[in-house]
Structures are given as structure tokens and as C-alpha cells.
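[1] fold the following.
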Amino acid sequence: MIPAEHAWRAMRALVTEQHDAKARVCAALGMSFVRVKALLLLAAGPRTLREMAATLACDPPYATVIAGDLEARGLAVREPNPADGRSRLVTLTPAGHEAADRADRILSTPPPELLALTEDEVATLSRLLTRLTKIKI
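    Next up is the predicted model:
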């Protein structure tokens, strides 16, 4: 096995097998992960159903189903889009923002193995992962 393959398998095992945050957040919120992702997307601001579909990599009718479910749970509302009367904006309610915050806390909680690393090890890992994912921290 090449070193990169070994590293990838180890990362995958840590994130998806040993500490499946997706399963924890779904259980805590009582919803599928695509709905959790929709909550996190909408926490950044209102989106049209078409924008939701594109970001969530689903078709527009399924985005409508997701928005309808979030609305039925009291987590979101659908309103006419003032910029385009043919579309609707999905916006989180205060309860939706609370649920999104809870989801973010669950998904952002580091596993014990990461917390056990030294400060230098975490800095090195963070630097490498930032380089690989091209995110801004």
C-alpha cells in the first residue's frame, strides 16, 4: 500500500468509522444528513430552492421536499423571493438556527484521539489538512 493510500484509509476510518459524527448529528436532530446539511446551508442565509438543490447536489423537487420537511418541523419558512417573484426563498426560523447551531457543535467536536495529540502535532495536522482542503481557518 502506498503511503497516501494508507493515510487516506486512516483518515476515513477515523472520521467515518470510529467517530461517525454524521450518525450522531442525525440521531440528535432526528433527521437525515441531507436535512442537516440544508440547515447548515440555510444558517448562512436564505436560499432559493434552486440554490439549495445545487448546493445539496439534488434535483429541485427533492429540495422542495427537504424545505417542506424543515418547514413542517418549524425550522424554516418558504417565502416569495423579493428579487424574483417566480421563486421562493427558504429561511431558517429561530428554532432552525438553534438546530443548525446544535448540528455544527456536534459535527465540530473533535474525537478524543485528536484531543490527545500535542499542540505541535495538531498544528502540523491542521496545516496539512488546510493545504489539502484549501479552506480558510
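[2] and the helices in this structure?
    Secondary structure of the chain (DSSP state H): helices located at 3-12, 21-29, 33-43, 49-56, 60-72, 94-108, 112-115, 119-133.
[3] which secondary structure elements does the second one sit against?
    What it means is helix 21-29. Helices and strands touching helix 21-29, by 3 or more C-beta pairs under 8 Å, 6 or more residues apart in numbering; DSSP states H and E, are helix 33-43, helix 94-108. All C-beta spots, glycine's among them, are computed from the backbone N, C-alpha and C.
[4] looking at these, which is buried most?
    Of these, the one with the most neighbours on average (mean count of other C-beta atoms under 10 Å) is helix 33-43, at a mean of 21.
[5] chain center to that one, what's the gap?
    6 Å (C-alpha atoms, centre = their mean, to the nearest Å).
[6] now Lys37: how far from Ser108?
    Distance of Lys37 to Ser108, computed by C-beta to C-beta, to the nearest Å: 14 Å.
[7] apologies, that question was intended for Asp120.
    22 Å.
[8] next: His6.
    Taking C-beta to C-beta, one finds His6 at 26 Å from Ser108.
[9] who's in contact with Tyr62?
    For Tyr62, the contact set (C-beta atoms under 8 Å, 6 or more residues apart in numbering) comprises Ala53.
[10] in space, what's closest to the residue most central in space within the chain - neighbours in sequence excluded?
    Note on the chain: the residue nearest the mean C-alpha position is Lys37, at 3.9 Å, using C-alpha atoms, centre = their mean. Nearest non-adjacent residue to Lys37, counting by C-beta to C-beta, 6 or more residues apart in numbering: Leu56, 5.9 Å away.
[11] and that neighbour, how many neighbours?
    17 (other C-beta atoms under 10 Å).
[12] ok, it to Ala10 distance?
    Taking C-beta to C-beta, one finds Leu56 at 28 Å from Ala10.
[13] give me the below-cutoff pLDDT ranges for the protein.
    135-137 (pLDDT under 70).
[14] repeat the analysis, applying 80 as the threshold.
    By pLDDT under 80, the weakly predicted segments of the chain are 1, 134-137.
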